[in-house]
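> what follows is a protein structure lacking sequence information:
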């Protein structure tokens, strides 16, 4: 492990994302073998550098002194999400084909949403990941408002 690969800025801040996972080796393999990340630390926590960001992964658990009322666990309901990873790519069709060939299971093929072309995939624990390519947005074309909004 090289210290320059760790998410530890000398000044300012760096944004990482923590995932509570059921099986660290399985999740580590998905984020490296399928999505192309690089293992920085195998376990405790597992750290994977993915493009210009880092994912930290550990099993769930009960409260700790610094989060006394919080229990961590992987998603339990695949039909409900309160947050998701958002990965922006230069060529979504190419990424869709490549990741599908490596075993990624997308909810749908890429769909043109005016501002972007996007699709969603789940990781082994069920975390939702949006994969999108900005298209119309680059020309000032915005997406339609969410359903139910005017």
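Happy to help now that I have it. Quick caveat, the model's predicted, so the values are computed rather than measured.
> show me the helices in the protein, by range?
24-29, 92-101 (DSSP state H).
> make TSV out of those helices and add distance to residue 44, mean pLDDT and mean neighbour count.
Every residue, glycine included, has its C-beta placed from N, CA and C. Output for those, formatted as TSV (distance: least, CB to CB, whole Å; pLDDT from 0 to 100; neighbours: other CB atoms under 10 Å):
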stretch	distance to residue 44	mean pLDDT	mean neighbour count
helix 24-29	9	98	17
helix 92-101	28	97	16
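> going by neighbour count, list what's buried in stretch 81-92.
Going by neighbour count (16 or more other CB atoms under 10 Å), the buried part of stretch 81-92 is 85, 87, 89, 92.
> contacts for it, please.
17, 35, 51, 75, 95, 110, 117-120, 127-134 (CB atoms under 8 Å, 6 or more residues apart in numbering).
> can you give me the end-to-end span of stretch 90-110?
13 Å (CA to CA, to the nearest Å).
> so what's the spatially most central residue of the chain bridging to?
Centroid check for the chain by CA atoms, centre = their mean gives residue 85 as the closest residue, at 3.6 Å. With DSSP bridges as the criterion, residue 85 is bridged to residue 129.
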